[in-house]
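Undergrad: what follows is a predicted structure for the sequence shown.
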Amino acid sequence: MTFPLFPRLRRPVTATPAPTETASVLPDRAEALGDDVEAFLGGDLVEHLVSERQPVPAWAVLNKLAHATVQELADLAGPDGDPASDERAPCWKRSQRSLAAELLEGATTDGLAEIQRTVLVPLELWMIDRSRSETITSRRVIQTATEVLDDLRPDR
């Protein structure tokens, strides 16, 4: 079937063009994006960004808290035996440790999952969104998270 206003153009059949440099970069970027997403959803975004020598946004300290298992949070909150090593730890690590201990205080496994789903993930996403239009400092992230966790405890 032909259409009078759209004549059919006959083109010679050509071989598939050789891959260009751009085409070979795309799978690398896709893999890197996949690694970023996997780290984000697994609660390991900070460690991933540090290992990739990428800047770590302030809100990322919430990532572990929002996505980690109870055991991962307990390991994070627990002492590692050397108080001096905690002083040498990066600020984000000390902040995660402190917030994890507060999060675990009196929380059951089911209660923790509920807090992560209904409070921490939305807080993390809110911080991500806000960081697009304003500077979110580590202090603000920690203060906000602490206030939110304190509000969840009726005894405080």
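TA: That came through, no problem. Note that the coordinates shown come from a computational prediction; the quantities given were computed from them, not determined experimentally.

Undergrad: is it true that Leu76 touches Arg97?
TA: Yes - in this structure, Leu76 is within contact of Arg97 by CB atoms under 8 Å, at 5.9 Å. All C-beta spots, glycine's among them, are computed from the backbone N, C-alpha and C.

Undergrad: just the buried positions in the helix or strand that contains Arg140, please.
TA: Using DSSP states H and E, Arg140 sits in helix 138-152. Under the neighbour-count criterion of 16 or more other CB atoms under 10 Å, helix 138-152 has Ser138, Val141, Ile142, Thr144, Ala145, Val148, Leu149, Leu152 buried.

Undergrad: reformat those residues as TSV; add distance to Glu114 and pLDDT.
TA: Formatted as TSV, the buried residues of helix 138-152 follow (distance: CB to CB, whole Å; pLDDT from 0 to 100):
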residue	distance to Glu114	pLDDT
Ser138	26	85
Val141	21	90
Ile142	22	89
Thr144	19	92
Ala145	16	91
Val148	14	89
Leu149	13	86
Leu152	10	79
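
Undergrad: got a markdown table for those residues, with distance to Glu31 too?
TA: Converted to a markdown table, those look like this (distance: CB to CB, whole Å):
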| residue | distance to Glu31 |
| --- | --- |
| Ser138 | 30 |
| Val141 | 29 |
| Ile142 | 33 |
| Thr144 | 34 |
| Ala145 | 32 |
| Val148 | 35 |
| Leu149 | 36 |
| Leu152 | 38 |
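
Undergrad: between those, which is nearest Leu33?
TA: When the buried residues of helix 138-152 are compared for distance to Leu33 (CB to CB), Val141 comes out closest, at 24.0 Å.

Undergrad: nearest residue to that closest one other than its sequence neighbours?
TA: Once flanking residues are discounted, Val141 sits nearest to Ala58: 4.9 Å by CB to CB, 6 or more residues apart in numbering.
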